[in-house]
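Engineer: prediction below, plus the sequence it came from.
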Amino acid sequence: MPSRIGMIGMAVMLLLLSLSIGCTSGEPSPSPLVRPTATPEMPETPPDVVITIGNLSDLTGVSSNAMVYINMALDDLIKYYNENNLIPGVRLNVITYDGQMNPA
């Protein structure tokens, strides 16, 4: 039994000795890393993409009175989206065409 304890003790001492020798070196420690001093440049923002929405509505004809409110609502919605930049990098545009309530 004492020989086993002695062998385990010797193994532990050799292990600790090998670990401590690996940590000490005769060479000087390397200098700390040099951080770049350049200021980061902001990337150029690309121009806004314009999305055109075609609105085929009745500006003249029988249903023109009802379509006035729908056209105003669409114009207000587009204005709201563009002013508050709800879709970043995108500008919305509306082109309204008069269908004159003509089925052709």
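Structural biologist: In hand now; what should we look at?

Engineer: next helix or strand past the host helix or strand of Val12?
Structural biologist: Using DSSP states H and E, Val12 falls within helix 2-23. Downstream of helix 2-23, the first helix or strand assigned by DSSP H and E is strand 49-57.

Engineer: show me the contacts for Gln100.
Structural biologist: Asp58, Leu59, Thr60, Gly61 (C-beta atoms under 8 Å, 6 or more residues apart in numbering). Any C-beta I mention is one placed from the backbone N, CA and C, and that applies to glycine too.

Engineer: go with 7 Å
Structural biologist: Neighbouring residues of Gln100 by C-beta atoms under 7 Å, 6 or more residues apart in numbering: Asp58, Thr60, Gly61.

Engineer: how much space between it and Val12?
Structural biologist: 98 Å (C-beta to C-beta, to the nearest Å).

Engineer: next: Pro88.
Structural biologist: 63 Å.

Engineer: try Arg91
Structural biologist: 74 Å.

Engineer: more neighbours, the two?
Structural biologist: Neighbour count, other C-beta atoms under 10 Å: between Arg91 and Val12, Arg91 has more, with 15 against 10.
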